[in-house]
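Participant: here is my input; please provide its structure:
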Amino acid sequence: MAIDLISPVAVVAHNAGAANLIIAWLKDMPELKIQISVRGPAAKLFCESFPELINNNLSDAMNGAAILLSGTSRNTDFEHNSRLIARENDIKSIGVIDHWVNYEMRFNYNDALILPDEIWVCDDYSYSLAISCFPKNLVQQKTNRYLEQAVDEINKISSTIERLENKTNILYVLEPFREFWQESDLPSEFQALNYFINNIATLNTKTAIEIRLKPHPSDPHGKYDEWCNNHKSFDVSIDTEHTLHEQIAWADWVVGCETFAMVIALHTNKKTLSTLPPWAPQCSLPYKNIMHLRELSE
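Facilitator: Below you'll find the predicted structure:
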């Protein structure tokens, strides 16, 4: 379905997922007047994509807007408040869902449910989930221009990379979790990372392996330094120099828990693996071609 927006558009986002979707749509509509208020990982992405835009406070971004385009993060009331302002000022509100979990919770903060006028999703799986949670007339499925653009760029970069027959490149795309599995004090992302490295032989690559870790945009600097120092028997490093597209193009395998980067990798025909251990919840990514380490290592 086509993207239908009118100026001025207020954009409010915190997390990277929705921000990437919104940025890709806006790049296709350079004529739009955009008023942004972005925080967290979304701020860095918007700064890189639209350096000419001023990052306003929330009230200034909403002032005079015809439409609100907002992300739907669960860990902040920032976007929730923007939808509340939109409702109070008769501004059309659109909420963008970028994943496959916790749909109702995304619009509920402090026991206040603030639904937008429209909910946008970007694939068949998301659409089915959304219409099971919300009135069908609120939900619209839009083209995932971010995914399309990412796949095109990665395929172009991949065509320039010379690969060695005796070496396997593994990109581990990291993501933080707020819960702790197995009543352990070890953060869940480290539990998954340990499970992966302890079962890496299951991949049966029969070649030398190089592993590059890509920290999440919200990860503090140095978060995985100690882990790498404790695993010097492996050829493992932290890669903060290359873009995600360059990293996926380099990789033969892309592994992680359930990050959207794995969906991008799958669409570029990379071997894609979820490292969620047996004691973790099921992977929320609904794509059947994603392999699961806990099934391979049984």
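Participant: CA atoms for contacts and neighbours, from now on please.
Facilitator: Fine.
Participant: low-confidence stretches in the protein?
Facilitator: Scanning the chain for pLDDT under 70 picks out the ranges 1-2, 298.
Participant: swap in 80 and give it another go.
Facilitator: Filtered on pLDDT under 80, the chain yields the residue ranges 1-2, 75, 183, 297-298.
Participant: quick one: the helices in it, in order.
Facilitator: 16-27, 40-49, 58-62, 78-88, 124-133, 145-158, 188-198, 225-229, 244-250, 260-267, 293-296 (DSSP state H).
Participant: give me the contacts around the second one.
Facilitator: So that's helix 40-49. 13-16, 19-20, 23, 38, 53, 55, 217-218 (C-alpha atoms under 8 Å, 6 or more residues apart in numbering).
Participant: and what of stretch 245-259?
Facilitator: 150, 153-155, 157-158, 161, 168-175, 189, 192, 262, 265, 270-276, 283-285.
Participant: which positions in that stretch come out as buried?
Facilitator: Of the residues in stretch 245-259, 245-259 count as buried by neighbour count, 16 or more other C-alpha atoms under 10 Å.
Participant: if we can go back for a sec, mind checking which of the helices of the chain is nearest residue 113?
Facilitator: Shortest distance between residue 113 and the helices of the chain, using C-alpha to C-alpha, is found for helix 78-88: 9.0 Å.
Participant: please name every helix or strand in contact with that closest one.
Facilitator: strand 9-13, helix 58-62, strand 67-70, strand 92-96 (3 or more C-alpha pairs under 8 Å, 6 or more residues apart in numbering; DSSP states H and E).
Participant: tell me which of the ones you listed sits most buried.
Facilitator: Of all the helices and strands packed on helix 78-88, strand 9-13 carries the top mean neighbour count, a mean of 27, counting by mean count of other C-alpha atoms under 10 Å.
Participant: name the helices or strands packed onto it?
Facilitator: Against strand 9-13 (3+ C-alpha pairs under 8 Å, 6+ apart) you get strand 34-38, helix 58-62, strand 67-70, helix 78-88.
Participant: out of the buried residues of stretch 245-259, who's nearest residue 97?
Facilitator: Nearest member of the buried residues of stretch 245-259 to residue 97, counting by C-alpha to C-alpha, is residue 259, at 14.2 Å.
Participant: distance of that closest one from residue 67?
Facilitator: For residue 259, the distance to residue 67 equals 29 Å [C-alpha to C-alpha, to the nearest Å].
Participant: which of the buried residues of stretch 245-259 sits closest to residue 77?
Facilitator: Nearest member of the buried residues of stretch 245-259 to residue 77, counting by C-alpha to C-alpha, is residue 259, at 22.2 Å.
Participant: any idea how far residue 220 is from that closest one?
Facilitator: 18 Å.
Participant: returning to what we had before: out of the helices and strands packed on strand 9-13, nearest to residue 181?
Facilitator: For the helices and strands packed on strand 9-13, proximity to residue 181 was assessed by C-alpha to C-alpha; helix 78-88 is nearest, at 27.8 Å.
Participant: quick one: contacts of that closest one?
Facilitator: Applying C-alpha under 8 Å, 6+ apart, the set of residues contacting helix 78-88 is 12-14, 58, 62, 68, 70-73, 92-93, 107-109, 114-116.
Participant: now do stretch 207-219
Facilitator: Contacts of stretch 207-219 (C-alpha under 8 Å, 6+ apart): 16, 40-41, 165-176, 224, 234-240.
Participant: now, of these, which are buried?
Facilitator: Applying 16+ other C-alpha under 10 Å to those flags 16, 41, 168-176, 224, 236-239 as buried.
Participant: farthest-apart pair in the residues you listed, please.
Facilitator: 41 and 168 (30.5 Å).
Participant: picking up where we left off before, adding distance to residue 103, write the helices and strands packed on strand 9-13 out as a markdown table.
Facilitator: As requested, the helices and strands packed on strand 9-13 are arranged in a markdown table below (distance: least, C-alpha to C-alpha, whole Å):
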| stretch | distance to residue 103 |
| --- | --- |
| strand 34-38 | 21 |
| helix 58-62 | 24 |
| strand 67-70 | 14 |
| helix 78-88 | 13 |
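Participant: minimum distance to residue 123: which of the ones you listed has it?
Facilitator: strand 67-70 (18.1 Å).
Participant: what lies in contact with that closest one?
Facilitator: By C-alpha under 8 Å, 6+ apart, strand 67-70 touches 5-13, 18, 22, 62, 79, 82-83, 86, 91-96.
Participant: tell me the contacts of the closest residue to residue 145 other than its chain neighbours?
Facilitator: Of all residues not flanking residue 145 in the chain, residue 24 sits nearest, at 5.6 Å (C-alpha to C-alpha, 6 or more residues apart in numbering). Residue 24 is in contact with 145-146, 149, counting by C-alpha under 8 Å, 6+ apart.
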